[in-house]
Every structure is written in C-alpha cells, then in structure tokens.
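Novice: A structural model of the following input is requested.
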Amino acid sequence: MTPLGRRLVHRIARHGPITLADYMAEALTHPELGYYTTGDPFGAAGDFTTAPEISQMFGELLGLWCVDCWQRLGAPDPVLLVELGPGRGTLLADALRAAKLATGFLEAIQIHLVEASPLLRKQQRQALADHRPDWHDNLGEVPEGPLLVLANEFFDALPVHQYQRGPQGWCERLVVLGPDGESLAFGLAPPSPLAARLVPAALAEAPVGSLVEVSPACLSLATELGRRVARHGGAALVVDYGRARPEAGATLQAVRKHQPHGVLDSPGAADLTAHVDFAALAAAAQEAGAAVHGPLAQGRFLETLGIEARAQALIAGASQEQAQDIRAARNRLTDGQAMGELFKAMAIAAPALGTPAGFP
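Specialist: Okay, here's the model as predicted:
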C-alpha cells in the first residue's frame with residue numbers, strides 16, 4: 001500500500017466511504033502525494049506516452065490550427081493562448097515554432113498554462129523560456145478575453161462518478177475498506193433518486209447491472225469554455241480518447257509503467273483515466289452559447305490539417321532511419337488500429353468563428 005493509500009484507509013475508517021470521484025482527485029492531485037504532483041509520468045521512463053511526445057508534427061499542426069482560428073477572429077491583440085495540462089511543454093513548444101511563420105501571432109499571444117504539478121511547471125518553464133508564460137491551478141484563474149485553448153489528454157484525467165443499476169434503482173459506486181480493514185475495495189451506496197437523476201437520460205433504462213460514468217468536472221469545464229468563447233470570442237480544441245455518444249460500461253483504468261494496473265492498488269503511484277463523453281461535453285458547451293464542431297476521429301482531423309505533407313517535408317531532409325521513425329509516428333497518430341480512431345478531436349468555438357480548420 002502506498003503512503004496515500006494508507007491515508008485513505010485511515011480516512012475511510014474514521015469518516016466512512018468516499019466517492020470514486022473523490023478517490024480520483026486525491027490519487028491524482030493530492031498536494032503532497034498525488035500522482036501528478038510528485039513525478040513526471042511521460043515517456044518511456046514514465047507510465048504513458050502522449051501524442052506530442054510521439055512526434056513534433058502533432059504540436060506543429062495544432063499551432064497552425066491556432067493561427068487559423070486567430071486570423072478568423074480578426075487577429076485580436078492580445079489573445080490568450082491557454083493550454084490545459086501542458087505536460088513537459090512539448091506540445092506548445094512545437095506549436096509556437098510552427099506558428100512563428102504567421103506575422104504578428106507571437107507578438108499578440110499571452111500564454112497561460114493550467115498545471116497542478118510543481119515538477120512539470122519547472123519543465124514547462126525550461127521548454128517555453130522564450131515566451132514568458134503564466135501558470136494557474138485552474139481555468140478560473142485565467143483572465144477573461146479572446147482565447148485559444150488546447151486540451152490534449154486533459155479531460156480524461158478529470159474525476160468521474162460511477163453509478164450501477166440495481167434491482168431497486170441506481171446506486172453510486174463507492175470506495176470502501178476491504179475485508180481486512182487495511183485495503184481499499186469497491187462498494188455500493190443504497191439506491192437514491194439523486195443517483196437516478198445524474199444518470200444520462202439515454203442510459204436511464206439500461207439493464208440491471210449496468211454501470212454508467214458521469215463527470216461533473218468535465219461538464220463544468222466544458223460549460224466554462226463555452227461561456228468564455230461565446231462571450232469574448234475564440235476556440236478550444238479538445239483532443240482525447242472517448243466516446244462520441246453515451247454508452248454504459250466502466251472505462252476507468254489505471255496504468256503504471258505502460259501496463260494495466262488495479263484502479264485501487266496504488267493510489268498516487270499510477271495514472272487514472274476514464275473515456276471522455278464527448279456528447280455530454282458538446283451539450284454543456286452548447287448550452288453555454290458556444291458552437292461545437294466534431295467530435296472527429298484524430299486520424300481524420302490530422303490528415304485534414306496536412307500531416308502527410310508535413311511528414312513528407314520532414315522525410316525529405318532525413319536519414320533513412322529517421323524517415324522510418326517519421327512514418328511510424330505518423331501512422332501511430334493517424335492509423336485506426338493505433339490512436340487514429342479511439343482518440344477524437346472536438347472544437348468549442350464562438351458561433352461567429354465558423355467551422356475551424358480540420359473539421360467538416
């Protein structure tokens with residue numbers, strides 16, 4: 001049991017079971033023992049690899065996407081360039097390198113990074129030293145104004161609640177003490193009308209035994225993004241893995257050293273993620289006044305933005321070995337058997353912006 005696990009056992013023993021969302025929040029962002037606040041999870045030496053770490057092409061294309069949106073907005077100066085969960089700063093460094101080709105863009109942007117990890121903030125400071133970013137704990141701290149937002153694999157790490165349908169109704173899934181009193185286990189709260197109201201209407205009549213995931217944190221963030229772009233102008237690009245429509249079934253998973261891991265086995269030492277409900281995000285953003293484009297499969301999105309042309313440009317100046325790596329990275333990002341189908345792109349935009357680049 002990890003140090004955070006022992007704290008959670010003690011807390012549950014004293015105060016009773018906790019929700020799965022509460023468990024996720026503690027495991028990922030506890031200020032002293034949380035997964036994202038105590039280490040660097042990225043790359044071969046970490047627990048997982050994200051698209052910006054696979055190839056510079058990903059960040060470069062997203063940078064040009066931001067430039068296109070900025071020009072559609074009328075090239076406002078200043079404009080807030082915001083990244084949610086910037087990792088090592090790799091995506092934004094690649095994006096800004098490509099975006100410097102657009103006259104006036106780098107001079108107009110004010111960079112704001114939403115990052116919980118002190119360690120990753122240090123790495124971002126090094127990667128983006130020439131651009132003087134500001135850091136924030138949440139989007140609410142970012143100033144108001146026209147904005148461009150990048151959120152790559154951010155929503156999947158926001159806490160989820162799980163509800164299971166029993167013979168007498170919907171019950172929330174909880175984290176309780178195991179039979180030995182010294183480990184963590186799953187349990188169920190009694191059926192309640194509140195649980196039934198929180199289950200999406202499309203899944204309310206799912207068969208007994210069905211499990212549904214709901215993320216109020218995701219919906220709240222989508223609402224805030226929708227409100228901001230509708231009021232001040234701009235666009236937010238969400239790239240993540242998830243579902244285009246509501247489906248029953250548990251997707252919450254833990255990963256450690258690139259391998260599946262028990263969700264409750266190592267709190268604070270393993271990554272926890274759940275598939276994003278893009279339909280729910282879209283509905284929340286639209287209710288806030290924004291237009292929504294997508295979701296669209298990541299492979300199709302990147303191909304429309306021109307990843308093949310960019311790959312060929314890089315290959316033209318590469319060695320044979322480097323060319324093989326470039327092709328492999330392109331395939332990993334776009335192929336349906338890799339990241340191309342499971343990962344999706346969705347834009348939350350000001351209605352006046354029109355259809356952003358990459359979307360039909």
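Novice: can we go C-alpha only for contacts and neighbour counts from here?
Specialist: Fine.
Novice: which other helices and strands contact the helix or strand hosting Gly242?
Specialist: Assigned by DSSP states H and E, Gly242 belongs to strand 234-243. Other helices and strands packing on strand 234-243, by 3 or more CA pairs under 8 Å, 6 or more residues apart in numbering; DSSP states H and E, are helix 56-72, strand 147-152, helix 216-232, strand 276-277, helix 278-287, strand 343-349.
Novice: now these as CSV including mean pLDDT, distance to Pro133 and mean neighbour count?
Specialist: Shown next, in CSV, are these (pLDDT from 0 to 100; distance: least, CA to CA, whole Å; neighbours: other CA atoms under 10 Å):
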stretch, mean pLDDT, distance to Pro133, mean neighbour count
helix 56-72, 98, 16, 22
strand 147-152, 98, 14, 24
helix 216-232, 98, 20, 21
strand 276-277, 98, 28, 26
helix 278-287, 97, 26, 21
strand 343-349, 98, 23, 26
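Novice: Compare the ones you listed and give me the one nearest Ala311.
Specialist: helix 56-72 (7.4 Å; CA to CA).
Novice: Which neighbours in the sheet does the helix or strand following that closest one have, and how are they oriented?
Specialist: Remark: after helix 56-72, the chain's next helix or strand is strand 79-84, criterion DSSP H and E. Note on strand 79-84: by DSSP bridges, its sheet partners are strand 109-114 (parallel), strand 147-152 (parallel).
Novice: quick one, strand 79-84 and helix 56-72 angle?
Specialist: 140 degrees (axes from the mean of the first three to the mean of the last three CA atoms, to 10 degrees).
Novice: continuing past strand 79-84, what's the next helix or strand?
Specialist: Next along from strand 79-84, by DSSP H and E: helix 90-99.
Novice: Pull out the buried residues from that next one.
Specialist: By neighbour count on 16 or more other CA atoms under 10 Å, the buried set for helix 90-99 is Thr90, Leu91, Leu92, Ala93, Asp94, Ala95, Leu96, Ala98, Ala99.
Novice: Then stretch 243-254?
Specialist: In stretch 243-254, counting by 16+ other CA under 10 Å, buried: Arg243, Ala244, Pro246, Ala248, Leu252, Gln253, Ala254.
Novice: okay if I get the residues you listed as a markdown table plus secondary structure and distance to Gly358?
Specialist: Listed next are these as a markdown table, based on DSSP: H, G, I helix; E, B strand; the rest coil; distance: CA to CA, whole Å:
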| residue | secondary structure | distance to Gly358 |
| --- | --- | --- |
| Arg243 | strand | 19 |
| Ala244 | coil | 17 |
| Pro246 | coil | 24 |
| Ala248 | coil | 30 |
| Leu252 | coil | 29 |
| Gln253 | strand | 30 |
| Ala254 | strand | 31 |
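Novice: any idea which of these is closest to Ala202?
Specialist: Closest approach between the buried residues of stretch 243-254 and Ala202, by CA to CA: Pro246, at 7.1 Å.
Novice: measure that closest one to Gly294 for me?
Specialist: Going from Pro246 to Gly294 by CA to CA, to the nearest Å gives 15 Å.
Novice: Then Met57?
Specialist: Counting by CA to CA, the gap from Met57 to Gly294 is 21 Å.
Novice: what's the spacing between the strand holding Gly242 and its chain's center?
Specialist: Centroid separation between strand 234-243 and its chain, computed with CA atoms, centre = their mean, to the nearest Å, is 8 Å.
Novice: Dump that strand to CSV, keeping only the CA atoms.
Specialist: Taking only C-alpha atoms (Å, rounded to 0.1, in the frame of the first residue of the first chain), the coordinates of strand 234-243 have been written out as CSV:
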residue,chain,number,x,y,z
GLY,A,234,-12.1,32.2,-29.5
ALA,A,235,-12.0,28.5,-29.7
ALA,A,236,-11.0,25.5,-27.6
LEU,A,237,-9.6,22.3,-29.1
VAL,A,238,-10.2,19.1,-27.1
VAL,A,239,-8.2,16.1,-28.2
ASP,A,240,-8.7,13.0,-26.1
TYR,A,241,-9.9,9.4,-26.2
GLY,A,242,-13.5,8.6,-25.6
ARG,A,243,-17.0,8.1,-26.9
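Novice: Outside of it itself, which residues are in contact with it?
Specialist: With contact meaning CA atoms under 8 Å, 6 or more residues apart in numbering, strand 234-243 is reached by 69-70, 73, 146-156, 225, 228-229, 274-279, 298, 342-350, 353.
Novice: again, 7 Å this time
Specialist: 73, 146-153, 156, 229, 275-278, 342-350 (CA atoms under 7 Å, 6 or more residues apart in numbering).
Novice: Name all residues that make contact with the residue nearest to Cys66 when sequence neighbours are not counted.
Specialist: Among residues not flanking Cys66 along the chain, Leu148 sits closest, at 6.5 Å (CA to CA, 6 or more residues apart in numbering). The neighbours of Leu148, taking CA under 7 Å, 6+ apart as the test, are Cys66, Leu80, Leu81, Val82, Gly234, Ala235, Ala236.
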